[in-house]
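> Okay, predicted coordinates and the sequence, questions at the end:
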Amino acid sequence: MKPAADLDGFRAALRCLIADGARPHEVIWDTAPSLFAAEPGDESPPIALPRGVAEKIALLVCHRDPERYSLLYQLVWRVRHGERALPEIASDPLIHRLHGMEKSVRRDLHKMHAFVRFRRAEAEEERFVAWFEPEHFIIEATAQFFVDRFRGMYWSILTPVGSLHWDRNSLTVGPPAMKSDAPTGDAFEAGWRSYYESTFNPARLNPDVMRGHMAKKYWKNLPEAAAITDLIRSAPLRVKQMIEQQQAMPRKRDPKKAVAAMSDQAPKSLAALNRLIAASEPMVKGGTRAVLGEGPLHAPIAFVGEQPGDQEDMAGKPFIGPAGQLLDKAMAEAGIDRRAVYVTNAVKHFKFEPRGKRRIHSKPTAGEVRHYRWWLEKELDLVKPGLVVALGATAALALAGKPLAVGANRGPIVLDGRPGFITIHPSFLLRMPQEDKAMAWRQFVTDMKHIHAIAEQSRVA
């Protein structure tokens with residue numbers, strides 16, 4: 001068996017030992033590569049175990065304890081010899097010890113999910129590399145989490161017990177690495193640290209709780225951790241200043257001043273905003289990476305869709321899939337230059353449901369749209385388009401801040417103070433019955449011509 005987490009090796013050894021009737025005290029476990037491996041042609045039957053026991057085995061082979069295989073074999077032997085309820089008896093010394101080991105592995109998995117930080121590789125601009133130091137042999141157990149979360153990136157996670165490498169198509173498990181193999185920083189970290197500092201609330205500071213959630217041993221690999229000492233040191237003064245400001249404020253707040261204060265804290269450039277969006281956690285199920293808007297500042301028209309699709313998520317560019325190609329065709333027929341307009345989405349991540357190897361689009365909820373609305377508003381404030389076009393009901397909701405039916409509001413409209421226009425999303429055409437598509441397409445192109453005319457008129461004026 002392998003010295004790290006060897007689930008397949010343990011299962012093979014288990015079949016052989018059970019077939020031979022070996023008692024736990026008769027077995028000496030070792031991590032030599034083939035000590036308990038099944039012989040070629042071995043046909044030992046699979047072992048039927050309660051589901052909870054099988055799940056416990058899959059988790060506990062990841063633990064560092066050199067006795068883990070011996071303890072698990074004791075569990076299997078006792079369950080198969082009349083103690084079916086053993087896993088539920090918390091007072092049993094074996095179960096008590098295994099439960100503590102299980103909690104430790106789960107805690108390590110959680111820490112790896114939370115504290116891995118990718119940095120751009122110096123030699124390969126498209127590859128991102130992270131360094132992490134797990135307590136247990138968990139890298140294979142946590143691999144699917146990172147594949148699902150960062151499916152559209154080229155990335156590597158290096159650890160002292162093994163490494164993971166993803167090329168957008170396949171996952172490779174590699175040998176252990178050294179910290180010097182990973183980059184020590186990149187240009188994005190200053191922005192990420194500023195974002196972390198801006199969200200720190202000194203009034204809620206509790207160092208003991210902070211260390212409980214983020215043990216100090218992880219700090220050395222977290223870019224934002226460099227700010228923690230200064231934030232803790234300055235917290236009392238900042239709290240005092242907050243109290244003094246609160247006491248000095250009039251009872252009836254001026255909404256305009258509040259909005260102005262929030263604006264002062266907002267990113268001052270589209271590049272800065274995009275860095276924050278790219279660093280944010282997906283707010284929808286299945287989201288992997290943010291797909292940012294594309295186009296010039298002060299564009300005559302900004303088209304806002306619902307969310308990126310599968311192809312957009314993979315490429316990191318908006319409106320390049322089937323719906324985007326229809327939009328390009330309609331714009332071309334209406335005389336709109338795609339290169340001159342700005343295209344973006346209300347929701348910045350691809351929400352999907354996995355179905356085999358396919359990722360099926362899932363419509364974002366109204367709550368999820370509201371979560372992303374701040375990003376969209378700031379984005380349009382910085383782009384300053386002459387006309388904003390809502391492609392579909394989700395985009396209309398994001399732009400107006402309230403539900404607007406496309407059929408009843410199709411055409412020119414003011415969207416939260418901005419000159420706007422509502423039309424269908426081009427994906428609607430893809431889902432229509434064939435006999436209705438020709439008429440719907442002509443109406444969509446007519447909308448595009450109307451949009452072009454409004455934009456040209458605004459430009460002349």
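Received the coordinates, thanks.
> drop to CA atoms for contacts and neighbour counts, all remaining ones
Will do.
> need the contact list for the nearest residue to residue 386 once chain neighbours are set aside.
Nearest residue to residue 386 in three dimensions, chain neighbours excluded: residue 300, at 4.6 Å (C-alpha to C-alpha, 6 or more residues apart in numbering). Contact partners of residue 300, counting by C-alpha atoms under 8 Å, 6 or more residues apart in numbering, are 340, 341, 385, 386, 387, 455, 456, 459.
> And the residues you listed, which is the shakiest by pLDDT?
Across those, the member with the lowest pLDDT is residue 459, scoring 71.
> helix/strand/coil for that one?
Judged by DSSP: H, G, I helix; E, B strand; the rest coil, the three-state class of residue 459 is helix.
> Okay, now the unreliable bits of the protein?
Judged against pLDDT under 70, the low-scoring parts of the chain cover residues 1-3, 31-44, 123-125, 186-221, 223-228, 235, 238-266, 286-287, 460-461.
> And the strands in it?
119-120, 127-131, 154-159, 162-166, 171-174, 301-305, 342-345, 352-355, 358-361, 387-391, 411-415, 418-423 (DSSP state E).
> Partner strands of the last one and their direction?
If you go by DSSP bridges, strand 418-423 pairs up with strand 387-391 (parallel), strand 411-415 (antiparallel).
> if we look at it, which residues are touching it?
Among residues not part of strand 418-423, those counted as contacts by C-alpha under 8 Å, 6+ apart are 386-392, 396, 406, 409-414, 444, 447, 451.
> Need the buried ones from those residues selected in PyMOL.
Of these, the buried ones go into a single PyMOL selection, burial set by 16 or more other C-alpha atoms under 10 Å:
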select buried, resi 386+387+388+389+390+391+392+396+406+410+411+412+413+444+447+451
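> Please tabulate the strands paired with strand 418-423 in a markdown table, including the columns distance to residue 156.
Written out in a markdown table, the entries for those read as follows (distance: least, C-alpha to C-alpha, whole Å):
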| stretch | distance to residue 156 |
| --- | --- |
| strand 387-391 | 37 |
| strand 411-415 | 43 |
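> hang on, the earlier thing: just curious, which of the contacts of residue 300 is nearest to residue 292?
residue 341 (14.3 Å; C-alpha to C-alpha).
> Include distance to residue 314 when you put the strands of the chain into JSON lines, please.
Shown next, in JSON lines, are the strands of the chain (distance: least, C-alpha to C-alpha, whole Å):
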{"stretch": "strand 119-120", "distance to residue 314": "18"}
{"stretch": "strand 127-131", "distance to residue 314": "14"}
{"stretch": "strand 154-159", "distance to residue 314": "11"}
{"stretch": "strand 162-166", "distance to residue 314": "13"}
{"stretch": "strand 171-174", "distance to residue 314": "16"}
{"stretch": "strand 301-305", "distance to residue 314": "17"}
{"stretch": "strand 342-345", "distance to residue 314": "16"}
{"stretch": "strand 352-355", "distance to residue 314": "13"}
{"stretch": "strand 358-361", "distance to residue 314": "11"}
{"stretch": "strand 387-391", "distance to residue 314": "22"}
{"stretch": "strand 411-415", "distance to residue 314": "31"}
{"stretch": "strand 418-423", "distance to residue 314": "27"}
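> can you tell me which of those strands comes nearest to residue 315?
The closest of the strands of the chain to residue 315 is strand 154-159. By C-alpha to C-alpha, the value is 11.4 Å.
> from the chain's centre, how far out does that closest one sit?
Taking C-alpha atoms, centre = their mean, to the nearest Å, one finds strand 154-159 lying 16 Å from the centre of the chain it belongs to.
> Run through who's touching that strand.
Defining contact as C-alpha under 8 Å, 6+ apart, one finds that strand 154-159 is touched by 118, 126-134, 163-168, 176-179, 181-182.
> Report the buried members of those.
If you count burial by 16+ other C-alpha under 10 Å, the buried members of the contacts of strand 154-159 come out as 118, 127-134, 163-166, 177, 182.
> For burial, what's the neighbour tally of the nearest residue to residue 445 once chain neighbours are set aside?
Nearest residue to residue 445 in three dimensions, chain neighbours excluded: residue 330, at 5.3 Å (C-alpha to C-alpha, 6+ apart). Residue 330 is surrounded by 21 other residues when neighbours are defined as other C-alpha atoms under 10 Å.
> and stretch 443-461, which residues are buried?
If you call a residue buried by 16+ other C-alpha under 10 Å, then stretch 443-461 has these buried ones: 444, 445, 447, 448, 449, 450, 451, 452, 454, 455.
> for stretch 51-60, same thing?
53, 57, 58, 59, 60.
> still on that earlier bit, can you pick out the most distant pair from the buried ones among the contacts of strand 154-159?
Pairwise distances across those (C-alpha to C-alpha) peak at 22.0 Å, for the pair 127 and 134.
> Please name the nearest non-neighbouring residue to residue 79.
Spatially, and ignoring its direct neighbours in sequence, residue 79 is nearest to residue 86 (6.6 Å; C-alpha to C-alpha, 6+ apart).
> quick one, domains of this protein?
For the chain, the structural domains run 7-112, 116-181, 189-249, 270-460, going by automatic domain parsing.
> if we can go back for a sec, the residue nearest to residue 79 touches residue 77, doesn't it?
No. Taking C-alpha atoms under 8 Å as the contact criterion, residue 86 and residue 77 are not neighbours in contact, 10.8 Å apart.
> residues contacting residue 178?
By C-alpha under 8 Å, 6+ apart, the contact set of residue 178 is 158, 159, 160.
> What subset of those residues is buried?
In terms of neighbour count (16+ other C-alpha under 10 Å), the buried residues within the contacts of residue 178 are 158, 159, 160.
> can I get those residues in TSV with distance to residue 139?
What follows is the buried ones among the contacts of residue 178, written out as TSV (distance: C-alpha to C-alpha, whole Å):
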residue	distance to residue 139
158	9
159	8
160	10
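> coming back round to it: residue contacts, the residue nearest to residue 445?
Going by C-alpha under 8 Å, 6+ apart, residue 330 touches 444, 445, 448.
> now it: how far from residue 307?
For residue 330, the distance to residue 307 under the criterion C-alpha to C-alpha, to the nearest Å works out to 19 Å.
> burial of residue 98, as a residue count?
A total of 21 residues lie near residue 98 under the criterion other C-alpha under 10 Å.
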